[in-house]
Structures are given as C-alpha cells and as structure tokens.
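Undergrad: Okay, here's the prediction I keep looking at, along with the sequence it came from:
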Amino acid sequence: MLTKLEQCIVDLYNIGVVKFGDFTLKSGMQSPIYFDLRIIISYPKLMETVAELMWEARPCKEYELVCGVAYTGLPIATVISTKQDIPMLIRRKETKGYGTKKLVEGNFTDGQTCLMIEDVIVSGSSVYETAETLRELELDIKDAVVFLDREQGGAGNLRSMDINVVSVTSMTEMLSILLKHGCVTQEISDSVLEFVKSNTATSIVSKNKTACNIGTDVMDRKKCSLESRMSTTSQPLTKRLFEIMVAKKSNLCVAADVTTSEELLTLAEKLGPHICLLKTHIDILTDFSKDTVENLKNLAAKHNFLIFEDRKFGDIGNTVANQYIGGTYNIVDWADLVTLHGLPGDGIIKGLMSCTSGRPRGCVLVSQMSSTGALTTQEYVSGCKKIAEQNQYFVVGFVSQSSVTDDPRFVVFTPGVQYNKKGDDLGQQYNTPRVAIMEKGADIIIVGRGITQAEDPVAAAVRYKEDGFKAYLERVSEQN
Ligand code: S5P
C-alpha cells in the first residue's frame, strides 16, 4: 500500500513533472534534474492532492490569507483558497502599466497573516521577492509552504530573512521514492544527489540588501574579505577568481592590448606571476593562430591566472552564440571570461550560455564605461544589475566606474587606471589604483598602457599589484 505522498510522487513522475537530463535553471545553473509542476493544471485531481499535501504541511493551523507565488503557486493557492475558504492574494510579476498599477491583487488589511504557496525552492528568491512586497504592504509574513525543497540552500536563506519554510518533500526523499518504484536508476539518483550536495551555496538578493549564507549577517561587498565572499557565490569561476586573488595577493588585471602573438605571450609569461587575469582583445592580433591561444592557455595554467577576452558582445542571443563558438577565434574554447553589453537584454546571456557545453565559463557585464560622454545611464546600470541577478550562475560581475553593486557575489572590474595620465586623446579617462578601489569600489583594476607601455612592464605591474592589494586590505579593514 503506497502512502499518499508516494502515490502522488509516482503520479507526478508519470505525467512528466520530474525530468532527468541537462537543464538550465532560472538562475542559470545547469541541473541534471528538472521539477516542472506547471503541467499539473492539466490534471485537476492530482492538483487537488498536491494542494492537500501542502495544506497538511503548513507550519501553523490558521492563516487569514494565502498567496501563491507566480506562476505555479497560483493555481495551487486557488485550490487551497476555495477548499479551505481562505481569501487569496495574487502578487503580479510586474505592475500593470495602466489602471491601478497595483502589484498585489485582492482585499486585505494591515497585519493579516498570510501563508505563501510555492511549488519548488532552489535559492528561495521567488518566495523572498513575494514576501518583500507583501511585507511592504504591512501584511504579516512568517511562513511559506513549498512542495519540493531542492535542498540547495533556499530554506536556510529564507530563514535568515525570517521566513519559515516547510516542504512536502525534499529532493532526497523524492529520489528515494522514485528509486523504490523503479522510476529512476541508482546511478542517476546518485548523480542528482551529488549535484545537489555540491551546489548548495545559493543566495538571495532583496531590493535593499543581500542575504548571504554566512550566518545571518547582511554583507556589503566593499567591506567583505575575498575569503568570505567565496561561499556567497555559486558561479564556479567567481570562486576560482577569489581563490587566485587571495593566493597571489593580486587584484590586478592587465589589458594586453598588443598586436602580435609574440608580444602577447611575452607579456603573459613575464606578468603572469603578478596578475589574477589577463585581458585580451584577440581581434587586435595581426597573426592570430590556434597556437597563440594554446600557448596562452598553458601560460595561464603555469602562472595561475584567468583569461578574459574583452569581446564586448552586443547582439541578440543567436548571433552572439555564433560569434562565441564560431568564426576565426572560437572564443568559448579558450577564454574563461568574456565581456558583453546589457543592451540586448537577457537573451544575450542565454545565447552565450548555450555554447559552454558544461565548461566553466562566465561573463562580465559592461555597465558603465570609462570614456568621456559614455551613454551608460543609471537606468542602464539598474537593467544590467537585474540581468546579472537573474543569471547569477553565469555572470561574474560588472565592468564599471562606480560601486554599481553591494552584492558580494559579484565582482566589480574597473578599467581606466593609470598613475601618470589623466586620459588619452580619444576620450579615455584615468584614476589611480587607490581612487579606483577606495572611492569607486573596484575589486579588480584593469591596467593597460600604464603597464604595457612602461619602460619596465614587470616593475610597473608589481607596483600596480601592490598598491591595488594594499588599498583593498585597507578598504575591508575600515570601519563604517
Ligand atoms: O569602460 C571601459 C571598459 C573597458 S573593458 N573602458 C576601458 O578602457 N576598457 C578596456 O580597458 C579597454 O578596451 C582597454 O582594453 C582597457 C584600458 O586600457 P588602457 O590602456 O587605457 O589602460
């Protein structure tokens, strides 16, 4: 005799709610399992069972309201609302551009208790966004009930925001039921559990602050040590970058804007020990060949730095995918990081992500530029931040001229750094490393001609590196 939960999970499996394969989650994370509860709207009886199990799992006996988290939480909340005779609220994903412009639909009064209903949590950010809106309207939000907890840190993240979340089932329990009933092989089940175990460092971002999974503290990027930031991110390359910066005591990226492979490789060999990143404009080379990048990759491994191609992609997803993987340069093959503009919207990132075939890759959004008259407005910066938050598994950070984010997961890269000059004849503007780090909020300084055209590039690199790291240490040790 199957328990109600067992029967429900087997039924969900049979209608295709649980899928095994290679999936990209909302955050950009690649997952070997996808739980897609949306299709239960086609199976009313099963939806009723899901709603019953969720109602039975609720943390408190009584609530004055229920609110489904869009979209899959909505039909489930509706079933609970009608069955239990509890009024319901709907939180829109976006405000309407007309009429009342309300974000929340339904009647309520200050202080009413409201239970949030969601299908599945990964980081908990969708539940948190809803809670944040409802709390702004003076509703009493303490609890959420979800059907599946993917066990990737969401429950802990929500607890640190004072939201108690209970789940009908967990990934571990669901897999063991599916295994017992022959719906999944031991091998796949093990690989999913392994994936879950190694991807628990999700975090959520609220409008005003960042919740990190380090205790319950709210962290400000500029005050956080690189070590403490490692566990805030689920982007593998960001973690690696932090590790390299700590190991080499370097927040220096050299912009190796030279025209021959020999010059590029010589710079990489000589400056390699002092930098965390080497930035290329590969299309400046007059003699590019596959050997150039093979040799560069070897030097990156030898000296422990990442390769950062400053391609500044700026087109629709399909075009950038072709540019990233194809053409002369096959950038995805050798560049750990690439730059891109946020102008085309989110699709540009999806386009890049579609090319990685599981290789650790990341991108940096150019949100502000160093040149005079740059058209990167505050509104544009906000748009870039939103794209980054929605694609946190792929976005490493921002190229910018100010502290565009306080979120410790994201790295701020600042070009336009040089000691001796205020600018060039073509609109470039410079700050010193200290100003870039202490005043503009840079994590990494990008230095080009200040090093490549110095009489002694190695000595110059050492000076930029030492001053840069000293300024970082000073910034994190400063009291507010
Ligand atoms: O806003 C920007 C963004 C970038 S990535 N301003 C910049 O200067 N850059 C790049 O940084 C630019 O393409 C160049 O490779 C480097 C600055 O070089 P420098 O010689 O002026 O230090």
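TA: Perfect, I can see it now. Numbers count the residues shown, from 1 in each chain.
Undergrad: and the stretch 101-250 of the chain, which of its residues are near the ligand?
TA: Residues of the stretch 101-250 of the chain lying close to the ligand (CB under 6 Å from any ligand atom): none. All C-beta spots, glycine's among them, are computed from the backbone N, C-alpha and C.
Undergrad: which SSE is the residue in the stretch 101-250 of the chain that the ligand sits nearest to in?
TA: Of all residues in the stretch 101-250 of the chain, residue 241 sits closest to the ligand, at 16.0 Å by CB to the nearest ligand atom. If you go by DSSP states H and E, residue 241 is part of helix 236-248.
Undergrad: which is the next helix or strand following that helix?
TA: strand 252-255.
Undergrad: ok, then the element right after that following strand?
TA: Criterion used, DSSP H and E; the element after strand 252-255 is helix 261-271.
Undergrad: Kindly list the longest helix within the chain.
TA: helix 457-477 (DSSP state H).
Undergrad: which residues touch it?
TA: Counting by CB atoms under 8 Å, 6 or more residues apart in numbering, helix 457-477 makes contact with 222-226, 249-252, 254, 267, 270-271, 274-275, 417, 419, 432-434, 437-438, 443, 445, 447, 450-451, 454, all of which sit outside it.
Undergrad: Any buried residues in the helix holding residue 241, and which?
TA: 237-242, 244-245, 248 (16 or more other CB atoms under 10 Å).
Undergrad: Then stretch 188-199?
TA: 188-189, 192-193, 195-196, 199.
Undergrad: What of stretch 469-480?
TA: 469, 471-472, 475.
Undergrad: On the three-state scheme, residue 227 is what?
TA: Following DSSP: H, G, I helix; E, B strand; the rest coil, the label given to residue 227 is helix.
Undergrad: excluding its backbone neighbours, what's nearest it?
TA: residue 246 (6.1 Å; CB to CB, 6 or more residues apart in numbering).
Undergrad: for residue 106, same thing?
TA: residue 89 (4.0 Å).
Undergrad: Quick check, the one you found in contact with residue 66.
TA: Yes. If you go by CB atoms under 8 Å, residue 89 and residue 66 touch, sitting 7.4 Å apart.
Undergrad: Does the ligand have contacts with stretch 373-385?
TA: No. With CB under 6 Å from any ligand atom as the criterion, the ligand is not reached by stretch 373-385; the gap is at least 7.0 Å.
Undergrad: OK, contacts around the nearest residue to residue 244 once chain neighbours are set aside?
TA: Spatial nearest neighbour of residue 244, excluding adjacent residues (CB to CB, 6+ apart): residue 276 at 4.8 Å. Residues in contact with residue 276 (CB under 8 Å, 6+ apart) are 241, 244-245, 248, 250-253, 305-306, 444.
Undergrad: Same question for residue 325.
TA: With CB under 8 Å, 6+ apart, residue 325 has these contacts: 331-332, 355.
Undergrad: re earlier: output the contacting helices and strands for the helix holding residue 241.
TA: helix 226-229, strand 306-313, strand 395-399 (3 or more CB pairs under 8 Å, 6 or more residues apart in numbering; DSSP states H and E).
Undergrad: That helix: how far from the chain's middle?
TA: On the basis of CA atoms, centre = their mean, to the nearest Å, helix 236-248 sits 16 Å off its chain's mean C-alpha point.
Undergrad: quick one, strands of the stretch 51-200 of the chain?
TA: If DSSP state E, counting those that start in this stretch is used as the criterion, the strands of the stretch 51-200 of the chain fall at 65-68, 88-91, 104-105, 113-121, 140-149, 164-170.
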